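Chemist: Whatever this is, show me its structure:
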Amino acid sequence: MNVNTMGNYFEDFKVDEIIYHSVSKTIFESDNNLFSLLTMNHHPVHTNLDYAKDNEHGRILVVGTLVFSLVVGFTVSEISGKAIANLEYENINHLAPVYINDTIYAKTRIIDSVLSKTKKDRGIVYVETIGYNQNNIDVIKFKRKVLIKKRN
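Modeler: Numbers count the residues shown, from 1 in each chain. Predicted structure coming up:
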């Protein structure tokens, strides 16, 4: 049997440490279209070039929840790979628009870590993640609490 090498154990997280995630992605038109279809978000600002050009940003905007989902996914290998559960997401802030062909990156700061009061084999890690684009402009920021295994 292979042991899960993805992620970190509770003891590996150090308060105020910043992790620059190695995973990133350029968001293509097909990504945005598929996500719009899957989530039933048919707002024309995400799917209609003619409509979008006459609105504030002048071009198609990527669906905000796609950006959120991608950035959460970028963090799995370092933050939640050994998670028992994601307990809470809070303060999801969309800071700047994301457009087709933007490349998104992410970094996470460890805010706090607390041992579980009821089970000795786990703890809660509290983090803040920022997603930013190829121009180093922050586009999304959120906090979450993750229940993570301790080492045996």
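Chemist: which stretches of the chain form strands?
Modeler: Defined through DSSP state E, the strands belonging to the chain, from first to last, are 18-20, 25-26, 83-94, 103-115, 122-133, 138-149.
Chemist: now these in TSV, with mean neighbour count and distance to residue 69?
Modeler: All C-beta atoms are positioned from the backbone trio N, CA, C, and that covers glycine. As requested, those are arranged in TSV below (neighbours: other CB atoms under 10 Å; distance: least, CB to CB, whole Å):
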stretch	mean neighbour count	distance to residue 69
strand 18-20	13	19
strand 25-26	13	11
strand 83-94	13	11
strand 103-115	17	11
strand 122-133	20	11
strand 138-149	20	10
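Chemist: residues contacting residue 73?
Modeler: Taking CB atoms under 8 Å, 6 or more residues apart in numbering, we find residue 73 in contact with residue 23.
Chemist: possible to save the strands of the chain as JSON lines with mean pLDDT and distance to residue 73?
Modeler: Shown next, in JSON lines, are the strands of the chain (pLDDT from 0 to 100; distance: least, CB to CB, whole Å):
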{"stretch": "strand 18-20", "mean pLDDT": "98", "distance to residue 73": "15"}
{"stretch": "strand 25-26", "mean pLDDT": "98", "distance to residue 73": "9"}
{"stretch": "strand 83-94", "mean pLDDT": "96", "distance to residue 73": "12"}
{"stretch": "strand 103-115", "mean pLDDT": "98", "distance to residue 73": "9"}
{"stretch": "strand 122-133", "mean pLDDT": "98", "distance to residue 73": "11"}
{"stretch": "strand 138-149", "mean pLDDT": "98", "distance to residue 73": "13"}
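Chemist: Need those strands in TSV (columns: distance to residue 40).
Modeler: What follows is the strands of the chain, written out as TSV (distance: least, CB to CB, whole Å):
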stretch	distance to residue 40
strand 18-20	34
strand 25-26	23
strand 83-94	19
strand 103-115	23
strand 122-133	23
strand 138-149	21
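Chemist: between the lengthiest helix in the chain and strand 83-94, how many degrees?
Modeler: With secondary structure taken from DSSP state H, the chain has its longest helix at helix 64-75. Our comparison of helix 64-75 with strand 83-94, counting by axes from the mean of the first three to the mean of the last three CA atoms, to 10 degrees, yields an angle of 140 degrees.
Chemist: what about helix 64-75, average pLDDT?
Modeler: Throughout helix 64-75, pLDDT has a mean value of 98.
Chemist: Can I get that helix in CSV? Just the C-alpha atoms.
Modeler: Coordinates of each C-alpha in helix 64-75 appear next as CSV, following Å, rounded to 0.1, in the frame of the first residue of the first chain:
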residue,chain,number,x,y,z
GLY,A,64,-15.6,34.3,-9.7
THR,A,65,-16.4,30.9,-8.2
LEU,A,66,-14.2,29.3,-10.9
VAL,A,67,-11.3,31.5,-9.7
PHE,A,68,-12.1,30.5,-6.1
SER,A,69,-12.2,26.8,-6.9
LEU,A,70,-8.9,26.9,-8.8
VAL,A,71,-7.1,28.8,-6.0
VAL,A,72,-8.4,26.3,-3.4
GLY,A,73,-7.2,23.5,-5.7
PHE,A,74,-3.8,25.0,-6.0
THR,A,75,-3.4,24.7,-2.2
